[in-house]
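Chemist: with the sequence up front, the predicted model follows.
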Amino acid sequence: MNNEKEPLPLPGNFDPQVNLPSREENGNVFHATISGMNLAAQLIEHGTPLDMERAEKVLDAVFESQERRAGAPHYGNFTWEREDEMVEDLNAVHFTIMPLIKTMLHCGDAVPASLRDKALAGIRLGLEAIARIDVHLRYTTIAAADVFDTCIGGELLNDAAIMARGRDKLRRWLAFTDRSGTFYEYNCPGYTGMSIERLAELAALSNDEQTRTIARVFAVRAGLSALLHGHPGTGRWSGPFSRAYQQQVAAKTPPEIDWMRHWLESGILPAWAATALEDKTMPLEIKETSDAAGQQMMTTYMHEAFSLGVASKDLSSQANRFVEGESSVFIAQFTCGEETGVLLSKYILDEKWLGDFRTTPSRSNTQLQPDEGRFWGVQDKTRAIGLYAPRVIGARQPCSGLKLALIWMRRDLVDEIWIGDRKVETLPADVPEGATVVVGSGQVWTAVRPLTRTHLSHNPPLRLVEHQANLALEIYNYEGMAKTFWELGWPGSFYQGMPQCGFYAEVALRDAYSDGAEFAQIVAGGQLCDEVEAPFTYDGGDEERLWNIEYERDGRSLGIAVDLMQWKLKQRWTEDGDQGWPMLESPLAQQTSDGKVEVAGAVLECGKAAAWILASSERRCWVAAYHGPEAAPLVFQVPEGKVEIESMGTGMVIWDNGRVRIEANDVRGTPKVEGGELAS
């Protein structure tokens, strides 16, 4: 213990009656378990006798929220708040024990015995709960927490079984990700970064060399995805997002690009990875798959002034009010002077806007405006098609509104609104069927052509409105009294397919057209094929009813086809043919699993497993990674020379200004280097 420095001041919101930080939400006081554990960890690390005394009291208070009744279904887990009567959010244990594991690893020898015994006992109970939960690898953020807690917690406890479970799950998680390319929960402005940091921290803290290497390679691969999506012009993390909260999608948080630079400066990611963030030549397009079997991928197009991102589908892996609805499947971000403008899409039930939804009483009702739609989308550079259907609809639960909304956040950043050749001066404004809407904001025009929509009420609105200081183009399927929809219930005797609702959208620079009317005319002049097969009453078999959309102009085409009966994607294409499911495609980095990768003059030949290259001729830096896990021969050729390795497992080969480093498991033989020097 440190007797020389002053004790750590307690936070201003510390509640001495329960020895936990407090906060008020919606007129009620809550004491969060995770905040309490973070405070306990800080007190232990500060280390004065008074800090230790306070830490034990705080830890006792936190452990009062740990389920310790033998036989309870969530034994070892924690309630999210002290005020919760039962465990509901199963993630609580992953986040609660994490800071304590790290602190005990760093400071455990200096902790009084009573405090140490309590801490280790609580950690062990938590790790047992984590093992029973055994979160699926799809849930990226919690899989990362599981792996970190279990690997490092097992090492802290010196428990071979716990360590083995964590290390095995790390390998399985990487293998699961390598089926597709990137994290299943792709491109989250908050959670992706948290997962990168957990992997990097695991690589730094683990005492197992193989684990350190795998975690480092995995962290860098996930980091490349994030860095490639950093937009220099706006400073934002470019979409689409599998999960994001309101402050993030509205660009009201500090610029994410600063967080990315922190990773590079602090060593969370290696300095050479800066290529992916800083060396972009605009314009560029990035394609990345997160679930090839489930047809889930993202496309992002970047220009100096804007980014446009479209997902192939919404994140549909969890029927959970805490998670579903967080996708931003179509989102554009663009410069508006010193501000960032945002356009995104949502499918809205029952007129639920921001403030009308709250996951729990202890969480803010401004955290999220949920997207309650199912989505299929396709993008080619500045052009996109998005198709929506309600996620939950039928003959059980009444509903009073069904609509797609394209939302320009910050109405004050919108300069011009056009419906065809008519400039809109006042809102609301009805939009005629078949019209093209153009909105000018900052340096960007956005044109939108609503597609065929199913009328579930008589002449449902199609209109531009201002709502909550935003501009919205509302494309309704239904407006009216709360009612059930027998024709949408399945199983049922009336079902003829999901309702149609969608849009074609295109982005252009403001200086490319004299006004919105000119851009509207150009977009309207393209050939739009919007066709659906005749309705029939579904029998429950493999019968399909296809909805085909294709837009063509100037020799370019973009198309998508879905089956309305089961809401399945059938095809996505451009003039070059079907769009596949690339692991990673970009001008700076590529990933494949066929044994060969090529990008910017660099060629990697290796085993037929996930492998990638990051290339920068300007920096004279080329990096190749092979994920393995089975060892295989590797040849990495760069413009300045070549590296040959008899055999290696998971690892990286870094060619940096003629210096070659190899960070890999199971390296056999002496690497051969031509044109460079092997670092010792």
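Modeler: On my side now, so go ahead.
Chemist: Ile613 should be in a helix, yeah?
Modeler: No. Ile613 is assigned strand when assessed by DSSP: H, G, I helix; E, B strand; the rest coil, not a helix.
Chemist: so what's it up against?
Modeler: By Cβ atoms under 8 Å, 6 or more residues apart in numbering, the residues touching Ile613 are Ala589, Gln590, Val597, Glu598, Val599, Ala602, Leu604, Trp622, Val623, Ala624, Ala625. No exception for glycine: its C-beta is placed from N, CA and C like everyone else's.
Chemist: got the residues you listed as CSV, with secondary structure columns?
Modeler: Formatted as CSV, the contacts of Ile613 follow (three-state DSSP):
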residue, secondary structure
Ala589, strand
Gln590, strand
Val597, strand
Glu598, strand
Val599, strand
Ala602, strand
Leu604, strand
Trp622, strand
Val623, strand
Ala624, strand
Ala625, strand
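Chemist: now these: which count as buried?
Modeler: Ala589, Gln590, Val597, Val599, Ala602, Leu604, Trp622, Val623, Ala624, Ala625 (16 or more other Cβ atoms under 10 Å).
Chemist: between these, which is nearest Ile162?
Modeler: Closest approach to Ile162 among those (Cβ to Cβ): Ala625, at 28.5 Å.
Chemist: next, give phi and psi for the closest residue to the closest one other than its chain neighbours.
Modeler: Among residues not flanking Ala625 along the chain, Met652 sits closest, at 4.6 Å (Cβ to Cβ, 6 or more residues apart in numbering). Torsion angles at Met652 (phi, psi; degrees, to the nearest 10) stand at phi -130, psi 150.
Chemist: give me the pLDDT value at Met652.
Modeler: Listed pLDDT for Met652 reads 99.
Chemist: cool, and Gln246?
Modeler: pLDDT, Gln246: 84.
Chemist: so where do the helices sit in the stretch 101-250 of the chain?
Modeler: Ranges of helices in the stretch 101-250 of the chain, per DSSP state H, counting those that start in this stretch, are 113-133, 140-157, 160-178, 191-205, 209-228, 246-249.
Chemist: and these as JSON lines, adding distance to Gly641 and mean neighbour count?
Modeler: Conversion of these to JSON lines gives the following (distance: least, Cβ to Cβ, whole Å; neighbours: other Cβ atoms under 10 Å):
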{"stretch": "helix 113-133", "distance to Gly641": "46", "mean neighbour count": "18"}
{"stretch": "helix 140-157", "distance to Gly641": "36", "mean neighbour count": "25"}
{"stretch": "helix 160-178", "distance to Gly641": "28", "mean neighbour count": "19"}
{"stretch": "helix 191-205", "distance to Gly641": "28", "mean neighbour count": "22"}
{"stretch": "helix 209-228", "distance to Gly641": "22", "mean neighbour count": "24"}
{"stretch": "helix 246-249", "distance to Gly641": "43", "mean neighbour count": "19"}
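Chemist: hmm, back to that, contacting residues for the residue nearest to Ala625?
Modeler: Taking Cβ under 8 Å, 6+ apart as the criterion, Met652 is in contact with Arg216, Val217, Val220, Val623, Ala624, Ala625, Tyr626, Ile662, Glu663, Ala664.
Chemist: repeat that with 10 Å
Modeler: By Cβ atoms under 10 Å, 6 or more residues apart in numbering, Met652 lies in contact with 213, 216-217, 220-221, 270, 272, 612, 614, 623-627, 636, 661-664.
Chemist: which residues does it bridge with?
Modeler: With DSSP bridges applied, Met652 shows beta-bridge pairing to Ala625, Glu663.
Chemist: the longest strand anywhere in the chain: what's the following helix or strand?
Modeler: Using DSSP state E, we find that the single longest strand of the chain is strand 470-483. Following strand 470-483 in sequence order, the next helix or strand is strand 502-509 (DSSP states H and E).
Chemist: next, the buried residues of that following strand.
Modeler: Gly502, Phe503, Tyr504, Ala505, Glu506, Val507, Ala508.
Chemist: stretch 284-304 now?
Modeler: Buried residues in stretch 284-304, counting neighbours by 16+ other Cβ under 10 Å, are found at 285-291, 294, 296-303.
Chemist: what does stretch 12-21 contact?
Modeler: Residues outside stretch 12-21 that contact it (Cβ under 10 Å, 6+ apart) are 10-11, 22-24, 29-40, 54-62, 64-65, 81-82.
Chemist: buried stuff in it?
Modeler: Applying 16+ other Cβ under 10 Å to stretch 12-21 flags Phe14, Asp15, Val18, Asn19, Leu20, Pro21 as buried.
Chemist: show me the shaky parts of the stretch 251-400 of the chain.
Modeler: Low-confidence segments of the stretch 251-400 of the chain, defined by pLDDT under 70: 356, 362.
Chemist: my bad, should have said the chain
Modeler: Low-confidence segments of the chain, defined by pLDDT under 70: 1-3, 356, 362.
Chemist: which residues does the residue nearest the centre of it contact?
Modeler: Centroid-nearest residue in the chain, with Cα atoms, centre = their mean: Cys188, separated by 2.5 Å. By Cβ under 10 Å, 6+ apart, the contact set of Cys188 is 140-141, 194-195, 226, 237, 241-245, 248, 315, 326-328.
Chemist: and it, how far from Lys169?
Modeler: 20 Å (Cβ to Cβ, to the nearest Å).
Chemist: likewise for Leu464?
Modeler: 50 Å.
Chemist: Glu304 too?
Modeler: For Glu304, the distance to Lys169 - Cβ to Cβ - is 42 Å.
Chemist: and for Thr300?
Modeler: To Lys169, Thr300 is 30 Å away according to Cβ to Cβ.
Chemist: swap in Gly386?
Modeler: To Lys169, Gly386 is 36 Å away according to Cβ to Cβ.
Chemist: Lys287: what's its closest spatial neighbour, skipping adjacent residues?
Modeler: Glu585 (4.4 Å).
Chemist: how much space between that neighbour and Tyr551?
Modeler: 22 Å.
Chemist: ok, these two, which is more surrounded?
Modeler: A count of neighbours by other Cβ atoms under 10 Å puts Tyr551 above the other of Glu585 and Tyr551, at 24 against 18.
Chemist: list the beta-bridge partners for that one.
Modeler: Leu528, Leu558.
Chemist: pull out the buried residues from stretch 76-92.
Modeler: Result for stretch 76-92 [16+ other Cβ under 10 Å]: buried residues 76-82, 84, 87, 89-92.
Chemist: same question, stretch 179-189
Modeler: Ser180, Gly181, Thr182, Phe183, Tyr184, Glu185, Tyr186, Asn187, Cys188, Pro189.
Chemist: quick one: that stretch to chain centroid distance?
Modeler: 7 Å (Cα atoms, centre = their mean, to the nearest Å).
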